[in-house]
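Q: Sequence and predicted structure, then a few things I'm wondering about:
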Amino acid sequence: MNGKPIIQTLHLFKIYKTGTVETVALDDVSIEIKRGEFVAIMGPSGSGKSTLMHMLGALDTPTKGEYILDGESVSKLSDDDLADIRNRKIGFVFQAFNLLPRTTALKNVCLPMVYAGISKEERIERAKKYLQMVGLGDRLEHTSPQLSGGQQQRVAIARALVLSPSLILADEPTGNIASIQASEIMEIFQDLNGEGHTIVMITHEADIAEHAKRIIHIKDGHIVKDGNDHQQRKAGK
Ligand SMILES: Nc1ncnc2c1ncn2[C@@H]1O[C@H](COP(=O)(O)OP(=O)(O)O)[C@@H](O)[C@H]1O
Ligand SMILES: [Mg+2]
């Protein structure tokens, strides 16, 4: 960890307007996440987790406040510029995997590299490397229906890694898979974090959040607790 923040939000607000009703989904959120951290963002349903994830992932812009991602201010960018920054800096892992169903694991992982203009030879080489890394070196030609939920999520993780993003952003990554496989996914995240990857994971499950080094608790759109107490507890301190 070199101590440089990869994520910095300054007094972030997101207010949704539906007819005459205003919902304050993010209410003055200021957080800093450094390179190399593994952070879980935890909170009950409706607390603003997905909204925060959309902000952090440059999928949407805040109503008020500033967001600096890896040194670049993204609060006021156009949709095209947001798309560009997302492609360059973020590897997404979603609850529903979001793989192409009739496409092999290998091709799913190659896809982001097609858009990035990487040669076919290089694409296949890199895709194989990352699929091996997540333990699927023997499943290259399997399509989604031929893989378990946990395996599909591992394909999605390999896909998120192929363009070497500065940040891995995962939204309820274990929400759709059996608990044994969920622990395997958490082990992969811990290994990746050990290798220096920065991971931000959204979850409503305490036992999943425990795998992170730091847990940020969100409620009613604001941060109510932020710390690594659970790691100290685990170490018996
Ligand atoms: N597009 C939207 N339009 C209006 N209200 C929304 C929209 N998205 C979310 N909300 C509201 O914002 C709050 C936070 O939602 P969300 O970020 O999805 O929470 P979580 O992911 O923690 O369940 C909720 O009250 C939700 O109803
Ligand atoms: Mg949500």
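A: Looks like it arrived, so ask away. Given the structure is predicted, the values throughout are model-derived calculations rather than measurements. Ligands and ions are numbered 1, 2, ... in the order given.

Q: Kindly list the single helix or strand of the chain that scores lowest on mean pLDDT.
A: helix 229-234 (a mean of 59; mean pLDDT, DSSP states H and E).

Q: residue ranges of the helices in the chain, please?
A: Counting by DSSP state H, the chain has these helices, from start to end: 49-56, 79-89, 105-115, 120-133, 149-161, 179-194, 206-209, 229-234.

Q: could you give me the average pLDDT of the first one?
A: What it means is helix 49-56. Helix 49-56 shows a mean pLDDT of 94.

Q: so does that helix get close to ligand 2?
A: Yes - Helix 49-56 lies within reach of ligand 2 by Cβ under 5 Å from the ion, at Lys49, Ser50. Glycine gets a C-beta too; all of them are placed from N, C-alpha and C.

Q: That helix and ligand 1 in contact?
A: Yes - using Cβ under 6 Å from any ligand atom, helix 49-56 reaches ligand 1 at Lys49, Ser50, Thr51.

Q: Check the offset of that helix from the chain's centre.
A: What separates the centre of helix 49-56 from the centre of its chain is 10 Å, taken as Cα atoms, centre = their mean, to the nearest Å.

Q: Might you report the residue contacts of Phe92?
A: Gly57, Asn98, Ala160, Leu169, Ala170, Asp171 (Cβ atoms under 8 Å, 6 or more residues apart in numbering).

Q: And these, which of them are buried?
A: Gly57, Ala160, Leu169, Ala170, Asp171 (16 or more other Cβ atoms under 10 Å).
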